[in-house]
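A.B. asks: model the structure of this input:
(one chain, ligands or ions: 1)
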Amino acid sequence: MHLDDPSLLRSLCRIGEEWVGADSQEVFDVVDPADGRVIATVPRAGKAETRRAIERASSALPAWRGLTARERGVLLRRWHDLILQHRDDLARIMTAEQGKPQAEARGEVSYGAGFIDWFAEEGKRIYGDIIPSPFPGRRIMVLKEPVGVVAAITPWNFPNAMITRKCGPALAAGCTVVLKPAEDTPLSALALVELADRAGIPAGVLNVVTGHPVEIGAELTSNPLVRKLSFTGSTAVGKALLRQCADTMKKVSLELGGNAPFIVFDDADLDAAVAGAIASKFRNSGQTCICANRLLVQDGIHDAFVDRLVEAVGTLDLGPLIHGRAVEGVERLVNDAVALGARALCGGTRRAAGGNYFDPTVLVGVTPSMACANQEIFGPVAPLIRFHTEDEAIRLANDTPYGLAAYAYTRDAGREWRLAEGLEFGIIGLNESMVSTEVAPFGGMKESGLGREGSKYGIDEYLEIKYVCRTG
Ligand code: ADP
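C.D. replies: Down below sits the predicted model:
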């Protein structure tokens, strides 16, 4: 891999001021999903290294939280600038380990940097309160304080932005962090930490441990020095981590799976609906938690929408899926749907040439009971379900334990409000499918998670409220 600055390619854990291997000296491979080539090896660290990282984060905490928000903001801003300066290299590293095309990777680096910039500012606006007292002579005050050492566990689908979305607000609030990146994409995480170091963020404030997820996770969730866990990943792992955090009563944020409905009504702008469906469904080859998972299309527009969608899918040039297991999972969902009567109008199979590629697929004749309409597909497959009435669409859309994102295309303003209020999802796109931005609250209802990331609300996840009552 060519990099303008080869020293961004780090392959050791970062604990305090040191780049270190695993105590056991064991490593694991980081593989390019496009061709299976080994790009690097990184340490297979476990409990002991994680404990040291937590202790180091804890010892760095008093000085870091003791800075003013502005002082922390200056350092974060420098980190942000360095990330943008090295955007092309960070994107090259990301494409190599994750597979998304360069343009998407560069887009993610900019989007990811946005969280650091936003929270560098937002840290200055962590206001407390003075509450009018019902008792003469007493003063009631509310202070906000950093929660303490934060554990962050991040997924491979956004190897950069899921880290900055947690570390930006955590560091701005005055917390220190131990990060465990996904084993598929540790290099993007390590490059970010290298840049944090160059920005002058003090050693110990941001630590990274790569390695065994279960062991590292067990230490992060049981160590009493950790006061907060922020996790993005699958619902199954999120539930397990929430249980594990119960014994030490950590504050927990979870951003988990989704099953996003994408509803197209008869009165939709067809061009906008097709463009929105393509962007929402096929971004990152369908591997985002807010990707359209089920396309609910009203009778009157169904056939025209299908024709246009298939035509647009024909022009796509997608990256590979993350690994062979992901391809197998998508293949299973498609085969199951076809066996039950759905039809693939395009795609439907893995790419014959090899690699982890799956051809972009449009499935018609899907019914709500098929597995592809109930499970998160996490691949480039668009299953279409017909509906007749608005009530039916809302009922179908809500008929899932998930509640992350939902999209709807319609020109009826009254209906837009009924949808905004009737859909049980944390994020609603109305005639818009690109909803992610650092300035808006991102997060799910129901089994899609707890808490919100980004926006003025995102920093609350890293703060404790302290009530001070004073007399005299
Ligand atoms: P995905 O299915 O998208 O890979 P996962 O939930 O398995 O989602 O992974 C998201 C993150 O959670 C990754 O960093 C992964 O290493 C981590 N992870 C997986 N299992 C555990 C576990 N038992 N404890 C802690 N972290 C885990």
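A.B. asks: which one is residue 131 nearest to, not counting chain neighbours?
C.D. replies: residue 140 (4.3 Å; Cβ to Cβ, 6 or more residues apart in numbering). C-beta coordinates here come from the backbone N, C-alpha and C atoms, glycine included.
A.B. asks: cool, and residue 28?
C.D. replies: Using Cβ to Cβ, 6+ apart, the nearest residue to residue 28 is residue 44, at 5.0 Å.
A.B. asks: from memory the one you found sits against residue 30, does it?
C.D. replies: No: applying Cβ atoms under 8 Å as the test, residue 44 and residue 30 come out as separate, 11.7 Å apart.
A.B. asks: what parts of the protein come near the ligand?
C.D. replies: Applying Cβ under 6 Å from any ligand atom, we find that the chain lies next to the ligand at 153-155, 180, 182-183, 213-214, 217, 233-234, 237, 240-241.
A.B. asks: can you flag which of those belong to strands?
C.D. replies: 153, 180 (DSSP state E).
A.B. asks: so the residue nearest to residue 131 bridges to which residues?
C.D. replies: residue 131, residue 469 (DSSP bridges).
A.B. asks: in the stretch 51-200 of the chain, what residue comes closest to the ligand?
C.D. replies: At 3.8 Å from the ligand, residue 182 is the closest residue in the stretch 51-200 of the chain, using Cβ to the nearest ligand atom.
A.B. asks: one step back: and which of the residues of the chain next to the ligand is nearest to residue 454?
C.D. replies: Among these, residue 154 lies closest to residue 454 (Cβ to Cβ), at 14.7 Å.
A.B. asks: so what's the closest residue to the closest one other than its chain neighbours up against?
C.D. replies: Of all residues not flanking residue 154 in the chain, residue 162 sits nearest, at 4.3 Å (Cβ to Cβ, 6+ apart). Residues in contact with residue 162 (Cβ atoms under 8 Å, 6 or more residues apart in numbering) are 154-155, 232.
A.B. asks: tell me which element the residue most central in space within the chain is part of?
C.D. replies: Nearest to the geometric centre of the chain sits residue 162, at 4.6 Å (Cα atoms, centre = their mean). Assessed by DSSP states H and E, residue 162 sits inside helix 161-173.
A.B. asks: what's the answer for residue 354, then?
C.D. replies: Using DSSP H and E, no helix or strand contains residue 354.
A.B. asks: tell me the pLDDT at it?
C.D. replies: pLDDT recorded at residue 354 is 76.
A.B. asks: what do you get for residue 168?
C.D. replies: For residue 168, the predicted pLDDT is 98.
A.B. asks: and it, how many neighbours?
C.D. replies: By other Cβ atoms under 10 Å, 31 other residues sit near residue 168.
A.B. asks: so for whichever strand or helix holds residue 329, mean pLDDT?
C.D. replies: Element membership of residue 329 [criterion: DSSP H and E] is helix 324-339. Looking at helix 324-339 alone, the average pLDDT works out to 97.
A.B. asks: helices and strands around it, which ones?
C.D. replies: Judged by 3 or more Cβ pairs under 8 Å, 6 or more residues apart in numbering; DSSP states H and E, helix 324-339 is in contact with strand 361-364, helix 371-374, strand 381-387.
A.B. asks: between those, which gets nearest to residue 471?
C.D. replies: Nearest to residue 471, of the helices and strands packed on helix 324-339 and by Cβ to Cβ, is helix 371-374 at 58.0 Å.
A.B. asks: okay, and which of the residues of the chain next to the ligand map to helices?
C.D. replies: 213-214, 217, 237, 240-241 (DSSP state H).
A.B. asks: could I get those as CSV with neighbour count and pLDDT?
C.D. replies: Formatted as CSV, these follow (neighbours: other Cβ atoms under 10 Å; pLDDT from 0 to 100):
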residue, neighbour count, pLDDT
213, 14, 98
214, 11, 98
217, 21, 98
237, 19, 98
240, 15, 98
241, 21, 98
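A.B. asks: wait, doesn't residue 206 sit right on residue 193?
C.D. replies: Yes: with contacts counted by Cβ under 8 Å, residue 206 reaches residue 193, the gap being 5.7 Å.
A.B. asks: residue of the stretch 1-150 of the chain nearest the ligand, please.
C.D. replies: Counting by Cβ to the nearest ligand atom, the stretch 1-150 of the chain gets nearest the ligand through residue 50, at 10.5 Å.
A.B. asks: which one is that residue nearest to, not counting chain neighbours?
C.D. replies: residue 219 (4.0 Å).
A.B. asks: which SS state does that neighbour fall under?
C.D. replies: helix (DSSP: H, G, I helix; E, B strand; the rest coil).
A.B. asks: ok so, going back, next SSE after the helix holding residue 329?
C.D. replies: strand 343-346.
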